[in-house]
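Peer 1: Quick one, structure for this:
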Amino acid sequence: MPKVSAKRQITLPIDQCKAAGIEPGDEYECFVDNQGHITIVKKVAGAAKGLLKQVAMDRHFTDEQSLQSSLIS
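Peer 2: Prediction:
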């Protein structure tokens, strides 16, 4: 059973890394839900490609105006 080190580091078991396709040097994201469960997700280049393709752009807004509108909401 892996343990958390004094530096708060965790070693992932090899079989779990293989199953998730995680290799040394890979980048990942961690998420903690409201029950304290930790989820580790390998980052994959291009995974979000096309995610916002249905969002209509309004080119009349400047970057500054867009930032201000997001602060108001």
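Peer 1: residues contacting the residue nearest the centre of the chain?
Peer 2: Residue closest to the average C-alpha location in the chain (CA atoms, centre = their mean): Glu29, at 4.0 Å. Neighbouring residues of Glu29 by CB atoms under 8 Å, 6 or more residues apart in numbering: 40-41, 43. To be clear about C-beta, it is placed using only N, CA and C from the backbone, and glycine gets the same treatment.
Peer 1: Check which helix or strand the most far-flung residue of the chain relative to its centre maps to.
Peer 2: In the chain, His60 marks the outermost C-alpha relative to the chain mean, sitting 30.9 Å out by CA atoms, centre = their mean. Using DSSP states H and E, His60 sits within no helix or strand.
Peer 1: What distance do you get for it to Ala19?
Peer 2: 48 Å (CB to CB, to the nearest Å).
Peer 1: And for Asp63?
Peer 2: With CB to CB as the criterion, Asp63 and Ala19 are 42 Å apart.
Peer 1: number of nearby residues for the closest residue to Val4 other than its chain neighbours?
Peer 2: Closest residue in space to Val4, ignoring its immediate chain neighbours: Ile10 at 5.7 Å, by CB to CB, 6 or more residues apart in numbering. Ile10 has 11 neighbours, counted by other CB atoms under 10 Å.
Peer 1: Great, nothing more from me.
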